[in-house]
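Novice: dropping a prediction and its sequence here:
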Amino acid sequence: MTAKHLTDTTTLNNGVKMPWFGLGVWQTKAGDEVENAVTYALNAGYRHIDTAAAYQNEEGVGNAVRKSGIPRNELFITTKLWNADQGYDTALRAFEASNKRLGLEYVDLYLIHWPVKGKYKDSWKALEKLYKDGVVRAIGVSNFHIHHLEDLLADAEIVPAVNQVECHPLLTQTELRTFCADHKIQFEAWSPLMQGHLDNEVLVNIAKKYNKTPAQVVLRWDLQHGIVTIPKSIRESRIIENAQVFDFELSTDDMHAIDALNENRRFGADPDNFNF
């Protein structure tokens, strides 16, 4: 079922409901910039905000959420464990620090940011403890390839609820999406708008046909594939525009045309080869 409204949710493998559409705050400056972006999004009807310890803006996200006056149980807040903090004890301490910076009682989704070799399994054990302790409503991973997931699942007590990875028309991640679906791991896209590389002829033509922008077409493509998507912007007009994707539907032919753009092209790091 494709989302029909900005607040529509997917049900994760533990029963928690996660909005299909959210605001990402990667590269959004701490302080006013992030507080304003989150405020614009919440005012526009967004209920899902995605941050991370590494973004150094958790505090601003928390401030904007508290000031909004929106009941906490209507919001879905994600943050992530940074690479330098991976390992069992350090992960537990890192979560405490993130939770304190956010100041929101609990976190809806806590993710391992990258699969740090030799550490992510210990980190996962820490996330399982946080989940059992009830301080996070769901736990998951980010930037995990199939082989990372297989390795994790071999010993995990809890199957990750989410895998958040780079995904867009030039990197469609078909095999990974299928693997996640087969294991009831919700697939989520970061950088869905290809960091602005939207001048593709196919996308431009499809956008004209629906009287939409190429960005809106890509976000609609995500939703119709059952992908949770978190476009990032700091401009109010763009934040509002990005969310105007619930009043049209891409045809099967147009979905296939966008699928065919895949080049396995990354704008971010490869999870098998990152050095941070």
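Specialist: Perfect, thanks for sending it. Just so you know, these numbers come straight off a predicted model, no measurement behind them.

Novice: what helix or strand is the closest residue to His113 other than its chain neighbours on?
Specialist: In space, His113 comes closest to Lys80 once its chain neighbours are excluded; the distance is 4.2 Å by Cβ to Cβ, 6 or more residues apart in numbering. C-beta coordinates here come from the backbone N, C-alpha and C atoms, glycine included. Using DSSP states H and E, the element containing Lys80 is strand 76-81.

Novice: packing partners for that strand?
Specialist: strand 17-19, strand 48-50, helix 58-68, helix 88-102, strand 107-112 (3 or more Cβ pairs under 8 Å, 6 or more residues apart in numbering; DSSP states H and E).

Novice: so which of those gets nearest Trp124?
Specialist: Evaluated over the helices and strands packed on strand 76-81, closeness to Trp124 peaks at strand 107-112, with 6.6 Å, by Cβ to Cβ.

Novice: after the closest one, next one along is what?
Specialist: Next along the chain after strand 107-112, taking DSSP H and E as the criterion, comes helix 120-132.

Novice: can you show me the strands along the stretch 101-250 of the chain?
Specialist: Secondary structure of the stretch 101-250 of the chain (DSSP state E, counting those that start in this stretch): strands at 107-112, 136-142, 162-166, 186-190, 228-229.

Novice: what is the rounded mean pLDDT of stretch 70-83?
Specialist: For stretch 70-83, mean pLDDT is 98.

Novice: how about it: buried residues?
Specialist: Leu75, Phe76, Ile77, Thr78, Thr79, Lys80, Leu81, Trp82, Asn83 (16 or more other Cβ atoms under 10 Å).

Novice: same thing with stretch 141-158?
Specialist: Judged by neighbour count using 16+ other Cβ under 10 Å, the buried positions of stretch 141-158 are Val141, Ser142, Asn143, Phe144, His145, His148, Leu149, Asp151, Leu152, Ala156, Ile158.

Novice: what about Asp32, how many neighbours?
Specialist: Using other Cβ atoms under 10 Å, Asp32 is surrounded by 11 other residues.

Novice: now the angle from the strand holding Lys80 to strand 136-142?
Specialist: 50 degrees (axes from the mean of the first three to the mean of the last three Cα atoms, to 10 degrees).

Novice: related to what we said a few turns ago, TSV for the helices and strands packed on strand 76-81, including mean neighbour count and distance to Thr7?
Specialist: Conversion of those to TSV gives the following (neighbours: other Cβ atoms under 10 Å; distance: least, Cβ to Cβ, whole Å):
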stretch	mean neighbour count	distance to Thr7
strand 17-19	20	6
strand 48-50	25	9
helix 58-68	21	14
helix 88-102	18	21
strand 107-112	26	14
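
Novice: which among those is found nearest to Arg265?
Specialist: By Cβ to Cβ (comparing all of those), the closest turns out to be strand 48-50, at 22.5 Å.

Novice: which elements pack onto the closest one?
Specialist: strand 23-24, helix 32-43, strand 76-81.

Novice: my guess is Trp82 contacts Tyr55, does it?
Specialist: No. Trp82 is beyond contact range of Tyr55, at 9.4 Å (criterion: Cβ atoms under 8 Å).

Novice: what's the span of stretch 235-253 from first residue to last?
Specialist: Its first and final residues considered, stretch 235-253 spans 32 Å by Cα to Cα, to the nearest Å.

Novice: list the buried residues of it.
Specialist: Arg238, Ile239, Ile240, Glu241, Asn242, Ala243, Val245, Phe246, Leu250.

Novice: got any ranges where the stretch 151-276 of the chain has weak pLDDT?
Specialist: Applying pLDDT under 70 to the stretch 151-276 of the chain flags no residue at all.

Novice: show me the helices in it, by range?
Specialist: 174-182, 201-210, 214-224, 236-242, 252-259 (DSSP state H, counting those that start in this stretch).

Novice: so who does the nearest residue to Gly60 once chain neighbours are set aside touch?
Specialist: Distance criterion Cβ to Cβ, 6+ apart; nearest residue to Gly60, sequence neighbours excluded, is Val34 at 3.7 Å. Contact partners of Val34, counting by Cβ atoms under 8 Å, 6 or more residues apart in numbering, are Val25, Thr28, Asn57, Gly60, Val61, Ala64.
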